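> Build me a structure from this.
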Amino acid sequence: MKKISAVVAMFAVTAFAGVALAADVIDLPASMGKVSFPHKKHQEMLKDCKKCHEKGPGKIAELNKDWAHKTCKGCHTEMKKGPTSCKDCHKK
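Alright, predicted model coming up:
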């Protein structure tokens, strides 16, 4: 029983550390077209990391134009909240 409690506690600490250390704003690579992503704002609003991080906390392996348009723009369209036009995300 102690081993299970220790594993659960370690998981909780790890999950909390990931949330606590997440960047406020992430500037995506230039290859993605100069996009600043307000990570903390999304984190607080969605309260579900798996919406973007399907495989758990950390970097997004498939982060590219197609993934971002499907995931980010798709979510904004579905929720009727957030930018959906090119110029709203891709600042010059």
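
> so what pLDDT did Gly58 get?
At Gly58, the predicted lDDT confidence score is 79.

> Validate this expectation: it resides in a strand.
No. The assignment for Gly58, made by DSSP: H, G, I helix; E, B strand; the rest coil, is coil rather than a strand.

> Met79 versus that one, what's the distance?
Distance from Gly58 to Met79, counting by Cβ to Cβ, to the nearest Å: 24 Å. The C-beta positions use only the backbone N, C-alpha and C, and glycine is treated the same way.

> what about stretch 54-69, distance to the chain center?
8 Å (Cα atoms, centre = their mean, to the nearest Å).

> Can I get that stretch in CSV? Just the C-alpha atoms.
Output in CSV follows, covering the C-alpha atoms of stretch 54-69 (Å, rounded to 0.1, in the frame of the first residue of the first chain):
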residue,chain,number,x,y,z
GLU,A,54,-2.3,14.1,-26.0
LYS,A,55,0.6,12.0,-24.7
GLY,A,56,1.1,13.9,-21.4
PRO,A,57,2.9,17.1,-20.3
GLY,A,58,5.8,18.4,-22.2
LYS,A,59,6.6,19.3,-25.8
ILE,A,60,4.2,18.6,-28.7
ALA,A,61,6.0,16.1,-31.0
GLU,A,62,3.8,17.0,-34.1
LEU,A,63,4.0,20.8,-33.6
ASN,A,64,3.8,22.0,-37.2
LYS,A,65,1.5,24.1,-39.4
ASP,A,66,-1.0,21.3,-40.1
TRP,A,67,-1.2,20.3,-36.4
ALA,A,68,-1.6,23.9,-35.3
HIS,A,69,-4.3,24.7,-37.8
